[in-house]
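# quick check, what structure comes out for this input:
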Amino acid sequence: MELRDQMQRVALEWPAYGYRRITAELRQRGFAVNHKHLLRMMREDNLLCVRRRAFVITTDSRHNLPVYPNLARGLRPSAINQLWIADITYIRLRTEFVYLAVVLDAFSQKRAAMKKLEARGASKTATRKSGRISEPGLME
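The predicted model follows:
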């Protein structure tokens with residue numbers, strides 16, 4: 001019972017500690033504890049540490065290239081094909097990255113076009129042989 005109490009105190013004092021660090025801390029405090037037993041107790045008490053994923057910055061806004069104004073700010077389309085919205089994102093596959101470019105109609109929220117692109121430096125022959133990249137053109 002004393003071990004569980006100390007385990008909970010360490011977990012509250014150091015919320016980012018996992019079972020390995022808590023085991024080391026308890027051993028330093030004089031407890032003879034097995035890491036597997038401590039892990040089981042932490043699971044029972046729902047004290048396992050949940051790691052936050054690192055935020056990856058994918059946009060570099062510090063450049064000397066011209067920045068164009070948003071001409072569509074405040075524009076409210078009243079019919080289809082008045083305003084199209086485009087975006088590009090990358091998708092990580094098992095062995096490579098591919099980019100997906102999408103164009104949407106702002107009024108109907110329907111897809112106007114979509115294309116899968118190769119990542120920079122990717123070999124066209126290797127990716128086409130693997131069947132992951134389609135021929136150039138619009139994808140439906």
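
# for stretch 3-22, buried residues please.
6-7, 10-11, 17-19, 22 (16 or more other Cβ atoms under 10 Å). Placement of C-beta: from N, CA and C, glycine included.

# oh, that last question was meant for stretch 102-112, not what I typed.
In stretch 102-112, counting by 16+ other Cβ under 10 Å, buried: 104-106, 112.

# redo the buried residues of stretch 3-22 as a markdown table? Include distance to Arg43 and secondary structure.
Output for the buried residues of stretch 3-22, formatted as a markdown table (distance: Cβ to Cβ, whole Å; DSSP: H, G, I helix; E, B strand; the rest coil):
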| residue | distance to Arg43 | secondary structure |
| --- | --- | --- |
| Gln6 | 17 | helix |
| Met7 | 12 | helix |
| Val10 | 16 | helix |
| Ala11 | 12 | helix |
| Tyr17 | 15 | coil |
| Gly18 | 12 | coil |
| Tyr19 | 9 | helix |
| Ile22 | 12 | helix |
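
# how about the contacts made by the nearest residue to Ser78 once chain neighbours are set aside?
Nearest residue to Ser78 in three dimensions, chain neighbours excluded: Phe107, at 7.2 Å (Cβ to Cβ, 6 or more residues apart in numbering). Neighbouring residues of Phe107 by Cβ atoms under 8 Å, 6 or more residues apart in numbering: 77-83.

# same check, this time on Val102
86-88, 111, 113-114.

# now these: which count as buried?
Buried among the contacts of Val102 (16+ other Cβ under 10 Å): none of them.

# specify which member of those residues is nearest to Met1.
Asp87 (56.3 Å; Cβ to Cβ).

# so what pLDDT did the closest one get?
Listed pLDDT for Asp87 reads 88.

# what strands line up against the helix or strand it falls within, and which way round?
Assigned by DSSP states H and E, Asp87 belongs to strand 84-92. Partners of strand 84-92 in the sheet, by DSSP bridges, are strand 97-105 (antiparallel).
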